[in-house]
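1. Fold the stuff below for me.
(one chain, ligands or ions: 2)
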Amino acid sequence: MRLSKTFVKTLREAPKDELAKNGALLSRAGYIHKEMAGAYDYLPLGIKVIENIKQIIREELNALGCEEVLMTSLQNPEPWEKTGRFSDQEVDIWFKTELASGGTLGLAPTHEEPIVNMMKSYVASYKDLPLYVYQFQTKFRNELRAKSGLMRGREFLMKDLYSFHASEEDLDSFYEKVEEAYTRIFKRLGIGNDTYKTFASGGIFSKYSHEYQTVLPVGEDTIYYNSDHSVVLNKEVYNDEVLTDLGVKGVEFAETTAAEVGNIFKLKFKYSEPLGLKFSSEDNESKTVYMGCYGLGVSRVMGVIAEKFADEKGLVWPESIAPFKYYLVGIGENGIKEAEKLYANRENEILFDDRDVRPGEKFADAELMGIPYRVVISDKTLAEGSAEITDRRTGESKLVKLSEI
Ligand code: ATP
Ligand code: MG
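-> Ligands and ions are numbered 1, 2, ... in the order given. Reported below is the predicted structural model:
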């Protein structure tokens, strides 16, 4: 991509009402545009980051045999009334609207009800199970406070996976596979070292659910961890009863703030029962389908990573999700000529700063945008037959022969 050809400009100032570091930096660096609290537009660079995050998740889920769908945001109240979740008393973050032709619609805050309803058309027998279905979908939640940039949107992007099983054992074993996939996903996203599988409350059908919490000073959650991080709990379950149950009573726990990037849940019959999702077993008995659900906040992850790795100069993307691997700058007539040659056929890897501005401005933008490697070609580097490559994270520079790039 050529910077001279995009409408996006970096900004000196973040939007006045933007309180979160991730929102401010992503706005200034030209990844997003703020419409209002909790609602953002994704610009070309921002879409690339989102797509890179999605692709990592997609690869890991497809490897488990999951199938991708895309469901509508518009919600017919009917299935939600069967589970009691259309009521504003039960779920207080609904956006609802009246239809011109009469009746009410909701904008989906999550998709358990519609997917269970949908699956009634496709699941009849034990032979149809198990099934694992996921989507990357825009959710709407009328959050009271949306002051955390991308980390808490009123409209946000979630990956939601739902699994359907004929037995509890099958649900249990798939749940473990998803745990392993989530570990791989967070590692590939560059937050594996600071993201912990955390015990959370399980509701009526299972003892615990699990959250994936990324340690972050401005995280909205509080978690508790033992010395080797083998047991991590959220606030809801950090009590004597649970500590005893987990065999860690008396062990020392430390407290930290964190952001919930994912949440996995054994639902069992929570939705399949009220909505009547059944299958006929091998002995021809009618049985209720076992379910699990597995969320991951795609846009929140982008905000968390922006927030977590940023330094005083701007964003610092992990290579795996950076919009481009290289930020290319040519200085002087010869430098620019060589930069053009290097850029040819590498439009997907290189963000080419071919704007008619001072090198200093280009360097500042390279840092603000957080592109992993800055490549500079000038008379000075050409004298060595080289380009200078600077690592955004460490700030270290080295000369690399042009023929070896
Ligand atoms: P929170 O406690 O932070 O409100 P939640 O428990 O409501 O999260 P889920 O309903 O489990 O979240 O949604 C699955 C995932 O979607 C979460 O783990 C989180 O990563 C993401 N998510 C939830 N709410 C938002 C939001 N308002 N903006 C961005 N991402 C969100
Ligand atoms: Mg919530």
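2. can you pull the buried residues of stretch 175-191?
-> Tyr175, Val178, Ala181, Tyr182, Ile185, Phe186, Arg188, Leu189, Gly190, Ile191 (16 or more other CB atoms under 10 Å). From N, CA and C alone the C-beta is placed, and that goes for glycine too.
3. How about it and ligand 1, touching?
-> No. Applying CB under 6 Å from any ligand atom, one finds stretch 175-191 separated from ligand 1 by no less than 10.8 Å.
4. hang on, the earlier thing: can you tell me which of the buried residues of stretch 175-191 are in helices?
-> Tyr175, Val178, Ala181, Tyr182, Ile185, Phe186, Arg188 (DSSP state H).
5. Next, the contact list for the nearest residue to the third one once chain neighbours are set aside, please.
-> Closest residue to Ala181 in three dimensions, ignoring its sequence neighbours and counting by CB to CB, 6 or more residues apart in numbering: Glu60, at 4.5 Å. Taking CB atoms under 8 Å, 6 or more residues apart in numbering as the criterion, Glu60 is in contact with Ala181, Arg184, Ile185, Arg188.
6. what about the residue nearest to Lys48 when sequence neighbours are not counted, distance to Ser173?
-> Leaving aside its chain neighbours, Lys48 sits nearest to Pro323 (3.7 Å; criterion: CB to CB, 6+ apart). Using CB to CB, to the nearest Å, Pro323 is found at 37 Å from Ser173.
7. if you count what's nearby, which of these two comes out ahead?
-> Pro323 (23 against 12; other CB atoms under 10 Å).
8. is stretch 147-157 anywhere near ligand 1?
-> Yes. Stretch 147-157 is in contact with ligand 1 by CB under 6 Å from any ligand atom, via Arg152, Gly153, Phe156.
9. closest to Lys34 among these?
-> Gly153 (10.9 Å; CB to CB).
10. Chain neighbours aside, what residue packs nearest to that closest one?
-> Gly153's closest residue in space is Gly38 (CB to CB, 6+ apart), at 4.9 Å.
11. ok, that neighbour - how many residues close by?
-> Other residues close to Gly38 by other CB under 10 Å number 21.
12. same thing with Gly370?
-> Neighbour tally, Gly370, other CB under 10 Å: 28.
13. Please apply the same query to Glu404.
-> Neighbours around Glu404, by other CB under 10 Å: 8.
14. Tell me who's in contact with the residue nearest to Gly153.
-> Glu143, Ala146, Arg152, Gly153, Arg154, Glu155.
15. so the last one touches Glu143, yeah?
-> Which is Glu155. No. Using CB atoms under 8 Å, Glu155 is not in contact with Glu143; the gap is 10.0 Å.
16. Need the per-residue pLDDT for the closest residue to Ser378 other than its chain neighbours.
-> Spatial nearest neighbour of Ser378, excluding adjacent residues (CB to CB, 6+ apart): Ile331 at 3.8 Å. Looking at Ile331, its pLDDT is 98.
17. Now do the contacts for Ile331.
-> Ile331 makes contacts with Pro359, Val376, Ile377, Ser378, Asp379, as judged by CB under 8 Å, 6+ apart.
18. Among those, name the buried ones.
-> When the contacts of Ile331 are checked against 16+ other CB under 10 Å, the ones flagged as buried are Val376, Ile377, Ser378.
19. Okay, and the residue in the stretch 301-405 of the chain positioned nearest to ligand 1 sits in which element?
-> Going by CB to the nearest ligand atom, ligand 1 is nearest to Val301 of the stretch 301-405 of the chain, at 7.1 Å. Using DSSP states H and E, Val301 sits in helix 298-309.
20. In that helix, which residues are buried?
-> Val298, Ser299, Arg300, Val301, Met302, Gly303, Val304, Ile305, Ala306, Glu307, Lys308, Phe309.
21. now, among those, which is nearest to Gln89?
-> Of all the buried residues of helix 298-309, Gln89 sits closest to Arg300, with 26.4 Å by CB to CB.
22. pretty sure that closest one is in contact with Gly262, am I right?
-> No. Arg300 lies out of contact with Gly262 (CB under 8 Å); the separation is 9.1 Å.
23. Please tell me how far the residue of the chain at minimum distance from ligand 1 sits from Met151.
-> Nearest to ligand 1 in the chain, going by CB to the nearest ligand atom, is Gly297, at a distance of 2.3 Å. Distance, Gly297 to Met151, using CB to CB: 8 Å.
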